[in-house]
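Visitor: Make a model of this:
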Amino acid sequence: MAIKDTSFINGIVKSREKYLITGEKFARMADSVSADEAFSLLRENGFGGEGEFCCADYEKLINGERQKLENFIREYCPEKRFADCVFSENDFFNAECALRLHYGAGDKAMFKTEGNVLLSELTAYVKGEKSSVPSHISKAIDEAKKLFDENEATGFKVGMIFLRAYYAYALKTAVKGAQKDGVVYEIDCKNISTAVRQIGRESGKNADNGYIDGGKIDLRDLEVITSGDENAVLKKFSSSEYLPLIKLALKEKLSGKPLVEFERECESFTLKKLKERRFETEGLFPLLLYYNYKINELKNVRIVLVGKISGADKEVIRTRLRECYAG
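Guide: Residues are numbered from 1 along each chain as shown. Have a look, this model is predicted:
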């Protein structure tokens with residue numbers, strides 16, 4: 001049962017922050033001479049817990065840390081809606097995996113840890129067996145199954161069904177305030193990314209192919225981005241908080257560069273906005289901030305270790321690091 005005393009919970013959250021990995025530490029890992037040295041630096045923070053592990057075990061450690069984070073939310077989150085929003089991401093992801101596996105297009109290794117719905121229930125529903133899968137997930141499964149049954153399924157179409165369904169549910173369940181704002185930021189960043197990638201494509205004159213409803217930026221505004229008219233875009237978004245992000249996207253896209261910095265900023269945007277309020281100590285905000293710190297930490301661990309194992313240049317690794325805990 002979740003603890004209800006937020007002052008007590010926030011005290012625990014603050015005590016756990018000292019184990020988070022800072023940007024400075026990730027930079028040291030990127031600069032290390034080998035993947036093994038980077039892994040040793042990672043383990044200095046206690047990442048992955050006890051036990052003997054080597055660099056090749058990084059995914060096992062990441063998954064273990066993700067599981068500990070989710071267990072922490074289950075134990076300490078005092079607001080059911082907050083937790084439902086967090087765990088629903090796993091539910092929709094697992095539902096999509098179960099469906100793809102059923103049609104021979106998936107892999108059991110893809111499943112995430114269980115959210116609010118058991119994997120056995122999702123698998124049973126996909127097979128047409130009796131199951132207690134909630135309607136917000138079953139509707140997405142039914143819609144995607146129809147595509148498979150009519151031989152119209154593509155990875156993109158199926159993925160968008162579950163992505164849109166997840167964000168619709170997240171907007172509905174997220175606690176009003178910072179958590180809901182975070183969901184909106186994610187939606188907008190994904191929509192901007194979709195629009196930018198359609199610049200110059202004959203088939204991309206309409207931005208609705210990958211559009212997700214519920215953000216601050218509507219479809220007509222996104223179509224200004226797909227036009228590729230830099231002046232029109234900058235005029236349209238001159239007063240938007242997303243202007244720096246959009247300018248970076250245009251700079252990379254119109255110069256023919258990969259959208260590396262843009263994607264980094266997209267995945268950092270929500271945490272950057274939350275960090276502007278990092279000194280708040282009331283309510284659920286410290287828990288939400290900690291959760292986002294940890295999620296980006298897991299992304300950065302994978303970026304650094306995959307980069308070091310593959311022999312990537314340290315500067316290449318650094319440019320891909322997401323926003324993280326600053327200490």
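
Visitor: Please make it C-alpha for all contacts and neighbour counts, starting now.
Guide: Fine.

Visitor: check which helix or strand covers Glu114.
Guide: Here Glu114 sits in a region with no helix or strand, counting by DSSP states H and E.

Visitor: measure it to Arg302 for me?
Guide: 21 Å (C-alpha to C-alpha, to the nearest Å).

Visitor: which parts of the helix ranked longest in the chain are buried?
Guide: Ranked by residue count and defined by DSSP state H, the top helix of the chain is helix 285-309. Residues 285-308 are the ones in helix 285-309 that count as buried (16 or more other C-alpha atoms under 10 Å).

Visitor: Could you do stretch 64-73 as well?
Guide: Buried residues in stretch 64-73, counted by 16+ other C-alpha under 10 Å: 64-66, 69-70, 73.

Visitor: got the residues you listed as CSV, with pLDDT, distance to Phe26 and secondary structure columns?
Guide: What follows is the buried residues of stretch 64-73, written out as CSV (pLDDT from 0 to 100; distance: C-alpha to C-alpha, whole Å; DSSP: H, G, I helix; E, B strand; the rest coil):
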residue, pLDDT, distance to Phe26, secondary structure
Gly64, 94, 19, helix
Glu65, 96, 17, helix
Arg66, 94, 18, helix
Leu69, 96, 20, helix
Glu70, 94, 23, helix
Ile73, 94, 25, helix
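
Visitor: What is the nearest of those residues to Gly11?
Guide: Ile73 (14.3 Å; C-alpha to C-alpha).

Visitor: these two touch, right, the closest one and Asp84?
Guide: No: taking contacts as C-alpha atoms under 8 Å, Ile73 lies outside contact range of Asp84: 10.2 Å.

Visitor: Check what contacts stretch 115-131 and list those residues.
Guide: For stretch 115-131, the surrounding residues in contact (C-alpha atoms under 8 Å, 6 or more residues apart in numbering) are 84, 87-91, 94-95, 98-99, 102, 132-133, 138, 141.

Visitor: about what we covered before: what separates the helix or strand just after the longest helix of the chain from the chain centre, distance-wise?
Guide: Later in the chain than helix 285-309, the nearest helix or strand by DSSP H and E is helix 314-320. Mean-position distance between helix 314-320 and its chain equals 20 Å (C-alpha atoms, centre = their mean, to the nearest Å).

Visitor: what packs against the longest helix of the chain?
Guide: The helices and strands touching helix 285-309, judged by 3 or more C-alpha pairs under 8 Å, 6 or more residues apart in numbering; DSSP states H and E, are helix 6-17, helix 23-31, helix 35-44, helix 58-76, helix 178-197, helix 260-275, helix 314-320.

Visitor: And those helices: which comes nearest Lys108?
Guide: helix 58-76 (14.9 Å).

Visitor: Quick check: next helix or strand after that closest one?
Guide: Counting by DSSP H and E, what follows helix 58-76 is helix 80-102.

Visitor: so which of the buried residues of stretch 64-73 comes closest to Ala38?
Guide: For those, the nearest to Ala38 is Glu65 (17.5 Å; C-alpha to C-alpha).

Visitor: quick one: contacts for that closest one?
Guide: So Glu65 contacts 47-48, 298 (C-alpha under 8 Å, 6+ apart).

Visitor: re earlier: the longest helix of the chain - what's its average pLDDT?
Guide: Average pLDDT, helix 285-309: 97.

Visitor: Sketch out the low-pLDDT regions of the stretch 151-300 of the chain for me.
Guide: 202-208 (pLDDT under 70).

Visitor: Now the helix or strand hosting Leu248: buried residues?
Guide: Per DSSP H and E, Leu248 falls inside helix 243-254. The neighbour-count check on helix 243-254 (16+ other C-alpha under 10 Å) flags 243, 245-247, 249-250, 252-253 as buried.

Visitor: Output the residues you listed as a markdown table; include the columns distance to Glu186.
Guide: Output for the buried residues of helix 243-254, formatted as a markdown table (distance: C-alpha to C-alpha, whole Å):
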| residue | distance to Glu186 |
| --- | --- |
| Leu243 | 15 |
| Leu245 | 13 |
| Ile246 | 14 |
| Lys247 | 18 |
| Ala249 | 16 |
| Leu250 | 19 |
| Glu252 | 20 |
| Lys253 | 20 |
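
Visitor: roughly how far apart are Ser240 and Thr226?
Guide: Distance from Ser240 to Thr226, by C-alpha to C-alpha: 17 Å.
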